[in-house]
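Participant: can't give you the sequence, but here's the structure:
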Ligand code: GLN
């Protein structure tokens, strides 16, 4: 039997519903259950792919190439279960599917309505493909009370009846603000938020209450009474110093026990939380510290680099060090010419993914600084493209080298395949003759050159990594750039697309066309991040 846990949020946004859901999933996993996670987003965009990083934060890419909400990153990092396209749905996707069906005449002349047609479509996405799981956790984006999320809540309400109460549970995440003047945690916002849910026919079975201090017993009883839940089902979600402490903290508050009790499953035994204890210990008691400078351009909203920040933290766990992140807006270097001053304390430099010309020159300067000063460098996606441009300009005798992403250029060392591969011998080698031209999204295999640094880092020569980019390093420049000392150490299996470059003579300089941060887990740090931070540790000792 598959059990569904629906997770809603109330009072305010940004309470960490995604992490709370992921932590519950981790607890159920630690008890041996098979768990899948899903997210329903109430906005009208069909997916977040076209949204600005400032609006939405990171776009998380799945193996099957879906552009999804960043919470799916948390799900994967807490559970290790790889998400798929089916695990993130938006109002926009639901409506566009229903309207497409309407245009095809699938509704046979009927009036198409929110109830039942939209709600049926939502229920379909929730349950499809879940048979093999013990638990499916479904997070509803947004805050209860928003007009936008009503169809999702209605669908959940119906599912409770369709599947039965023994198979479904609703968990509501709220906030208990501490009011210093009154000297107490206030329960009224939680009461109001639960009333909002009750108004649409949903009675939560558990309240997860964000709070900066333990909930006194009388407050807990009060919440239980007013909100019509068991007092044991009022769980404190206490503030923690690291998100990876959430599973342990929730377990100590009795969350997983109460969920299992609700579903009539055994809950006396202790789950195996050793994985989380180890991670939390490594984070809380580091044996040293390194500074990593990240030269990007979405630094005004660090959610844009969510997986990257986590992967760097994982690299720190692997090396028992604290990783201090210094986020630098690359335009700063262009305007102030202060690169040496700004980067002098960095033990390692990273240029992450990005789009568009703004800030590109500053990123190129950062690559050059790292290369010339032998500072460990990791380039990711756009970061690799800029590393290649820098190499071509500084070492390859091509001062005009650039990416066609910024407009026409005499030396397109980075370009669209439709520009540089069309009609070339390379294309004949290309599997399926694929010219790209659209975004390369999702997991692709690559072959690493035996004996290269990157092959040594991975400990193998065949890898599969997730991509999200439209431009590619132009393979026609490979020979010319290799003469400068840059090594093309990873290629697509047909040998056409450059996927990894490195300078073998540098302390540690690796740039990759894919996004390794998307696959890193706290319990299984990605080898590139483990290696990068290890190089930073060496550099810190040298300094
Ligand atoms: N803008 C570049 C491209 O589309 C890089 C994208 C990225 O860094 N994710 O190819």
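Facilitator: Received the coordinates, thanks. Bear in mind that the values here come from a model prediction, so they are computed numbers and not experimental data.
Participant: ok, which residues in this structure are in contact with the ligand?
Facilitator: 353, 354, 355, 381, 382, 405, 468, 469, 470, 471 (Cβ under 6 Å from any ligand atom). Any C-beta I mention is one placed from the backbone N, CA and C, and that applies to glycine too.
Participant: Just say helix, strand or coil for residue 12.
Facilitator: Three-state call for residue 12 (DSSP: H, G, I helix; E, B strand; the rest coil): coil.
Participant: List phi and psi for it.
Facilitator: For residue 12, the backbone dihedrals (degrees, to the nearest 10) come out as phi -140, psi 160.
Participant: Tell me how many other residues crowd the spatially closest residue to it that is not a sequence neighbour.
Facilitator: Leaving aside its chain neighbours, residue 12 sits nearest to residue 175 (5.7 Å; criterion: Cβ to Cβ, 6 or more residues apart in numbering). When neighbours are defined as other Cβ atoms under 10 Å, residue 175 has 20 of them.
Participant: where's the residue of the stretch 201-350 of the chain found nearest the ligand relative to residue 323, distance?
Facilitator: Closest to the ligand within the stretch 201-350 of the chain is residue 296: 9.9 Å, counting by Cβ to the nearest ligand atom. Distance of residue 296 to residue 323, given as Cβ to Cβ, to the nearest Å: 16 Å.
Participant: circling back to that earlier point, turn the residues of the chain next to the ligand into JSON lines, including distance to residue 204 and secondary structure.
Facilitator: Shown next, in JSON lines, are the residues of the chain next to the ligand (distance: Cβ to Cβ, whole Å; DSSP: H, G, I helix; E, B strand; the rest coil):
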{"residue": "353", "distance to residue 204": "39", "secondary structure": "coil"}
{"residue": "354", "distance to residue 204": "41", "secondary structure": "coil"}
{"residue": "355", "distance to residue 204": "40", "secondary structure": "coil"}
{"residue": "381", "distance to residue 204": "41", "secondary structure": "coil"}
{"residue": "382", "distance to residue 204": "43", "secondary structure": "helix"}
{"residue": "405", "distance to residue 204": "48", "secondary structure": "helix"}
{"residue": "468", "distance to residue 204": "36", "secondary structure": "strand"}
{"residue": "469", "distance to residue 204": "42", "secondary structure": "strand"}
{"residue": "470", "distance to residue 204": "44", "secondary structure": "coil"}
{"residue": "471", "distance to residue 204": "47", "secondary structure": "coil"}
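Participant: what's the farthest-apart pair in those residues?
Facilitator: Between any two of the residues of the chain next to the ligand, the greatest separation by Cβ to Cβ is 13.9 Å, found for 405 and 468.
Participant: for the lengthiest helix in the chain, packing partners?
Facilitator: With secondary structure taken from DSSP state H, the chain has its longest helix at helix 527-542. In terms of contacts (3 or more Cβ pairs under 8 Å, 6 or more residues apart in numbering; DSSP states H and E), helix 527-542 is packed against strand 289-296, helix 306-319, strand 348-351, strand 377-380, helix 453-458, strand 509-512.
Participant: Give me the contact list for that helix.
Facilitator: Helix 527-542 is contacted by residues 288-292, 311-312, 314-316, 318-319, 321, 323, 347-348, 350, 375-376, 378, 454, 457-459, 507-508, 510, 512, 516-517, 520 when judged by Cβ atoms under 8 Å, 6 or more residues apart in numbering.
Participant: does the closest residue to residue 430 other than its chain neighbours sit in a helix, a strand or a coil?
Facilitator: For residue 430, ignoring the flanking residues on the chain, the nearest one in space by Cβ to Cβ, 6+ apart is residue 496 at 5.1 Å. At residue 496 the chain is in coil, as set by three-state DSSP.
Participant: In contact with the residue nearest to residue 49 when sequence neighbours are not counted: list those residues for me.
Facilitator: Closest residue to residue 49 apart from its sequence neighbours, by Cβ to Cβ, 6+ apart: residue 67 at 3.5 Å. By Cβ under 8 Å, 6+ apart, the contact set of residue 67 is 47, 48, 49, 59, 60, 61, 441, 468.
Participant: Tell me where the stretch 201-350 of the chain is predicted with low confidence.
Facilitator: For the stretch 201-350 of the chain, no stretch is flagged by pLDDT under 70.
Participant: What segments of it are helices?
Facilitator: Along the stretch 201-350 of the chain, the segments classed as helices by DSSP state H, counting those that start in this stretch run 217-227, 246-252, 255-262, 274-284, 306-319, 331-336, 339-343.
Participant: how about those helices in JSON lines, adding mean neighbour count?
Facilitator: JSON lines is the format used below for the helices of the stretch 201-350 of the chain (neighbours: other Cβ atoms under 10 Å):
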{"stretch": "helix 217-227", "mean neighbour count": "16"}
{"stretch": "helix 246-252", "mean neighbour count": "21"}
{"stretch": "helix 255-262", "mean neighbour count": "21"}
{"stretch": "helix 274-284", "mean neighbour count": "17"}
{"stretch": "helix 306-319", "mean neighbour count": "25"}
{"stretch": "helix 331-336", "mean neighbour count": "15"}
{"stretch": "helix 339-343", "mean neighbour count": "16"}
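Participant: Can I get those helices in CSV including distance to residue 89?
Facilitator: Output for those, formatted as CSV (distance: least, Cβ to Cβ, whole Å):
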stretch, distance to residue 89
helix 217-227, 28
helix 246-252, 25
helix 255-262, 24
helix 274-284, 29
helix 306-319, 20
helix 331-336, 37
helix 339-343, 43
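Participant: quick one on the thing from earlier: the residue nearest to residue 49 bridge partners, please.
Facilitator: On the basis of DSSP bridges, residue 67 takes part in beta bridges with residue 61.
Participant: gap between it and residue 41?
Facilitator: Residue 67 sits 12 Å away from residue 41, going by Cβ to Cβ.
Participant: rewinding a little: could you measure from the residue nearest to residue 49 over to residue 160?
Facilitator: Going from residue 67 to residue 160 by Cβ to Cβ gives 31 Å.
Participant: sorry, back to before: okay if I get the residues of the chain next to the ligand as JSON lines plus pLDDT and neighbour count?
Facilitator: Shown next, in JSON lines, are the residues of the chain next to the ligand (pLDDT from 0 to 100; neighbours: other Cβ atoms under 10 Å):
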{"residue": "353", "pLDDT": "94", "neighbour count": "25"}
{"residue": "354", "pLDDT": "92", "neighbour count": "25"}
{"residue": "355", "pLDDT": "92", "neighbour count": "17"}
{"residue": "381", "pLDDT": "97", "neighbour count": "23"}
{"residue": "382", "pLDDT": "97", "neighbour count": "25"}
{"residue": "405", "pLDDT": "94", "neighbour count": "20"}
{"residue": "468", "pLDDT": "95", "neighbour count": "20"}
{"residue": "469", "pLDDT": "95", "neighbour count": "21"}
{"residue": "470", "pLDDT": "93", "neighbour count": "15"}
{"residue": "471", "pLDDT": "95", "neighbour count": "23"}
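Participant: Tabulate these (TSV), appending distance to residue 7.
Facilitator: Listed next are these as TSV, based on distance: Cβ to Cβ, whole Å:
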residue	distance to residue 7
353	29
354	32
355	32
381	32
382	34
405	39
468	27
469	33
470	35
471	38
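Participant: Just after the least confident helix or strand in the chain by mean pLDDT, pick out the following helix or strand.
Facilitator: Within the chain, no helix or strand scores below helix 425-429, which has a mean of 77 by mean pLDDT, DSSP states H and E. The C-terminal neighbour of helix 425-429 among helices and strands, as given by DSSP states H and E, is strand 440-448.
Participant: Distance from that following strand to the middle of the chain?
Facilitator: Distance, stretch centre to chain centre, for strand 440-448: 18 Å (Cα atoms, centre = their mean, to the nearest Å).
Participant: Paired strands for it, with orientation please.
Facilitator: Under the criterion DSSP bridges, strand 440-448 sits next to strand 462-469 (antiparallel), strand 487-491 (antiparallel) in its sheet.
Participant: Just the buried residues of it, please?
Facilitator: Using 16 or more other Cβ atoms under 10 Å as the test for burial, strand 440-448 gives 440, 441, 442, 443, 444, 446, 447, 448.
Participant: Run through the bridge partners of the last one.
Facilitator: I take that to be residue 448. Here residue 448 sits in beta bridges with residue 490, going by DSSP bridges.
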